[in-house]
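*Asks:* after the sequence you'll find the predicted model.
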Amino acid sequence: MSAEIPSESPRVTPRSTSSLEGHSIVTLDDMSTTDIQDILDRAGYIDAHRAEVSHTCDGRVLATLFYEPSTRTRLSFETAMLRLGGKVIGFAGAQLASVTKGESISDTLKTVSNYADVVAIRHPKEGAALVAAEASRVPVINAGDGGHMHPTQTLADLATLRSRFGRITDLTVGLCGDLTFGRTVHSLIETLCRFGDVHFVLISPEELTTPQYVLDRIDATPSCSYTEVRDLTAVIGDLDVLYMTRVQKERFFNEDDYLRLRDTYILDEAKLAMSKPDMAVLHPLPRVNEIAVEVDSDPRAAYFDQVRNGMLVRMALESMVVGDDLAGYEPARPLSGKVGI
Amino acid sequence: MSAEIPSESPRVTPRSTSSLEGHSIVTLDDMSTTDIQDILDRAGYIDAHRAEVSHTCDGRVLATLFYEPSTRTRLSFETAMLRLGGKVIGFAGAQLASVTKGESISDTLKTVSNYADVVAIRHPKEGAALVAAEASRVPVINAGDGGHMHPTQTLADLATLRSRFGRITDLTVGLCGDLTFGRTVHSLIETLCRFGDVHFVLISPEELTTPQYVLDRIDATPSCSYTEVRDLTAVIGDLDVLYMTRVQKERFFNEDDYLRLRDTYILDEAKLAMSKPDMAVLHPLPRVNEIAVEVDSDPRAAYFDQVRNGMLVRMALESMVVGDDLAGYEPARPLSGKVGI
Amino acid sequence: MSAEIPSESPRVTPRSTSSLEGHSIVTLDDMSTTDIQDILDRAGYIDAHRAEVSHTCDGRVLATLFYEPSTRTRLSFETAMLRLGGKVIGFAGAQLASVTKGESISDTLKTVSNYADVVAIRHPKEGAALVAAEASRVPVINAGDGGHMHPTQTLADLATLRSRFGRITDLTVGLCGDLTFGRTVHSLIETLCRFGDVHFVLISPEELTTPQYVLDRIDATPSCSYTEVRDLTAVIGDLDVLYMTRVQKERFFNEDDYLRLRDTYILDEAKLAMSKPDMAVLHPLPRVNEIAVEVDSDPRAAYFDQVRNGMLVRMALESMVVGDDLAGYEPARPLSGKVGI
């Protein structure tokens, strides 16, 4: 129950309906599959009840501690809290000089815990979010550390599948481009395997195939399977989902290789014409040229929906960890036992 | 009707009374003279009814996308939304690295459209605001692109004339200083010509006279006329308005010229003593030394009023483009046919 | 009375109960001891009535003008206004280019006075806050200028003593480390002398003893006294308060001196074991290594409480200077005659 809620408007429910209340979210392993489904349920509810939820976090303060700039992620976390009625403090990139000057992440978190009800942290060093979570007296959400994998990106991907298909199972999911270094892709595969019933089509050049530990994860899931291919056009007609990723020039050995491969892995109208009419095209953004701009107006383009869904899952998660219930929302599932920090 | 308005407080009016609802404002040409007068009416109403309008934009979010720093303009746009009850997200200057990194303005706007209800953009490249407006699903207001001319500066100037004289016509308007490169001045002349009945006194050194296309614009307006002079003191007694501009040292051929001219075009108490008691002194700010600090306390000094009026016209414009009506405000004029994007 | 308060909720009290309403706070000399006690009273009240005070400054805007970055101070001022229901605009560090470009502090304040109800300013030049206060039409609070001494740091220190001991007199206060250059310490001594009944124990190396003018201030206060010592362990058992400060390496003549002294002035569990069970350890933060991390979990550690108290006194001060009364708060003391700007 929030100290900031005026006494004249007492909460009807005595405690939060979320099992994530008070918990930090450093990786998706901090959540059960029931938790994840609850987040997706709430994200969908929020989207359909924008006005009803607009005072959920009245009086709350989110701190965005961005030790490296990541404007799109920061704006998403901030908008999420603002649209729930809360407020935002923080710093980003160039402003942080005085914070880093001789102060540990732990001390910064012990300080900011006095100001904020929830913290979103982004840091260039792997493990920084865990250190922050351990020092903080309020929940911390990892907005990317080290490899820039962060749990809310994958939640945004899942929410987009759910909004397009009504489910995140029973799908043929193509992943295309740099499957070696793309952590977003690895995290999505790993999480879909927790739910099961997905066939993955892994589309990449020889130089950028999926790491063995990710393939092992699929193999260890009885209801999941995969195919590895080189050519997008050969398989695009089979896909429910096409997840595009950036192919970075510096990954390649020479210019010729790059140009050859790049053309194979750029999605344009011609390739799109071979796909199912309800296929969903995802991309973590920002894109460079992996998807031609002409594709944006096609109803299959779902990558700007991902942006909206990213905001919605952050609204769900922020309200859950601070323990503020969404007006009118009834959890569909029994509360899970929480695995976490 | 805003999705953010709680269901328990339905709007009385079913739709906005502004013809600018949903429209982007890239240049003043996007507005009819009726629209402009409506903005000035609303700015005046807002100033007199601060409390009544303080919840006009409850639940709205403004995004300020400042690709170059312009703190005073950014703070004005932000304060405007905050004083209407809305919230603000955004970035400025040094924070923007991750936005520009390989992402087009169009993609950024397609992303930010998911977060905000209205966008104010400032960009060093001419035409950027138009590109942004075309990509955005929400209204975009140009806060300066390229030459840094932006429509709300001219609206602030007009609102200041209105608040001082009750009208923006039937005035003798002196413009003093660098009339060659000062786009603020060109935009003000152009806009006053749309309303007519103004005599312009163009006061500048030989080196910095008004461009021919601006003079042609005045000539093409039957009710307007102009005089070109070199000496401020010779004409200051005739003026209702004296619009001062900065004379930049680097415009001049040599130091002697600069010093000679500078003294002629600096407004101080001695020169001010020759003017009408109700003359209004305007300046787009920041000033360097074109106006002596001693002038600030003179009632004719209107340049800090311009700052307040800038905020008021931005309050009017932001509420109009998102379609939120001001409580108690009745438009004095029939709605115009909208010219615009 | 605020122009932003909706007409349907008129203030019950016709005027503020604070004698600081409308006043700038540049130094602690701008306040009487009665004012200071009122601030501490209000800070305590706010801490115990977070919900009741959460709409105290509805409709107010704080401007944070940080001409040099100081993230922890900025976040504290901003959180204070947000937790009172107000809003925040401002700039920090790298964003300020366009502000400084040819504009005086006075002009910036005359501009920002149109946007904000109260300003917090930080500037590298001594005297900048006074210049700002004189130009501004709204109250200005000094958040550090020049030596970075700022009144709200000392107020946070006093509030921490009060919350720990119920009083700020009748205490034995140890100050340890760099007592020559530590302005925080000088300001605390000076202010405690205004209230009297304190014995100071000044613990520093020879090279970093307390300046004579500070010793003179104590000597001039009949109820205060001091002892100067070199060794923390010799006196720690006598102290009610131990105020640690940073010992900067560059103050020393050679590396050996530094290492020798450093070890003497680092607080760890072993030294802490010699102190009274209810001694309070303060530190202005950020710390480098003057206090071992193992001390953080000891109940005597009060330095993160100082952070919370810093926010609380800023909430008190911001509400007082804008003239907004705290719901339910009754001043315990008659209003003082105000000394100030």
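*Replies:* Nice, thanks for sending it over.
*Asks:* so A:H49 makes contact with A:L312?
*Replies:* No: in this structure, A:H49 is not within contact of A:L312 by Cβ atoms under 8 Å, at 11.1 Å. From N, CA and C alone the C-beta is placed, and that goes for glycine too.
*Asks:* does A:N309 touch A:I46 like I think?
*Replies:* No: in this structure, A:N309 is not within contact of A:I46 by Cβ under 8 Å, at 10.4 Å.
*Asks:* higher neighbour count, A:H49 and A:L312?
*Replies:* A:L312 (28 against 16; other Cβ atoms under 10 Å in any protein chain shown).
*Asks:* hmm, whichever strand or helix holds that one touching chain B?
*Replies:* Assigned by DSSP states H and E, A:L312 belongs to helix A:303-322. Yes: on the criterion Cβ under 8 Å from any Cβ of the partner chain, helix A:303-322 is in touch with chain B at A:F304, A:V307, A:R308, A:M311.
*Asks:* count residues in the vicinity of the third one, would you?
*Replies:* The reference is to A:R308. What A:R308 shows, counting by other Cβ under 10 Å, is a neighbour count of 19.
*Asks:* please name the residues that touch the closest residue to it other than its chain neighbours.
*Replies:* Leaving aside its chain neighbours, A:R308 sits nearest to B:N114 (4.3 Å; criterion: Cβ to Cβ, 6 or more residues apart in numbering or on different chains). Counting by Cβ atoms under 8 Å, 6 or more residues apart in numbering or on different chains, B:N114 touches A:F304, A:V307, A:R308, A:M311.
*Asks:* same question, A:S319
*Replies:* Counting by Cβ under 8 Å, 6+ apart, A:S319 has contacts A:S18, A:R42, A:V53, A:T56, A:C57, A:L84, A:D325, A:L326.
*Asks:* return the subset of these lying in helices.
*Replies:* Taking DSSP state H, the ones among these that sit in helices are A:R42.
*Asks:* for the stretch 201-341 of chain A, just list every one of the helices.
*Replies:* A:212-219, A:232-235, A:255-264, A:269-272, A:303-322 (DSSP state H, counting those that start in this stretch).
*Asks:* rank these by pLDDT, which is bottom?
*Replies:* For those, mean pLDDT drops lowest on helix A:255-264, to a mean of 76.
*Asks:* now that helix: buried residues?
*Replies:* By neighbour count with 16 or more other Cβ atoms under 10 Å in any protein chain shown, helix A:255-264 contains the buried residues A:Y258, A:L261, A:R262, A:T264.
*Asks:* check stretch A:43-50 too.
*Replies:* So stretch A:43-50, judged by 16+ other Cβ under 10 Å, has buried residues A:A43, A:G44, A:Y45, A:I46, A:D47, A:H49, A:R50.
*Asks:* low-confidence ranges in the stretch 1-150 of chain A?
*Replies:* For the stretch 1-150 of chain A, the stretches with pLDDT under 70 are A:1-15, A:94-102, A:148.
*Asks:* so which residues on it come close to chain B?
*Replies:* For the stretch 1-150 of chain A, the residues in contact with chain B (Cβ under 8 Å from any Cβ) are A:50-52, A:54-55, A:69-72, A:75-76, A:78-79, A:82-83, A:92-95.
*Asks:* narrow the residues you listed to those in strands?
*Replies:* A:A92 (DSSP state E).
*Asks:* what ranges do the strands span in the stretch 51-200 of chain A?
*Replies:* Assignment of strands within the stretch 51-200 of chain A using DSSP state E, counting those that start in this stretch yields the ranges A:61-66, A:87-92, A:118-123, A:140-145, A:171-176, A:198-203.
*Asks:* which one of the ones you listed is the most hemmed in?
*Replies:* Among the strands of the stretch 51-200 of chain A, the stretch with the highest mean neighbour count (mean count of other Cβ atoms under 10 Å in any protein chain shown) is strand A:118-123, at a mean of 27.
*Asks:* which helices and strands does that one pack with?
*Replies:* strand A:61-66, helix A:71-83, helix A:105-112, helix A:128-135, strand A:140-145, helix A:303-322 (3 or more Cβ pairs under 8 Å, 6 or more residues apart in numbering or on different chains; DSSP states H and E).
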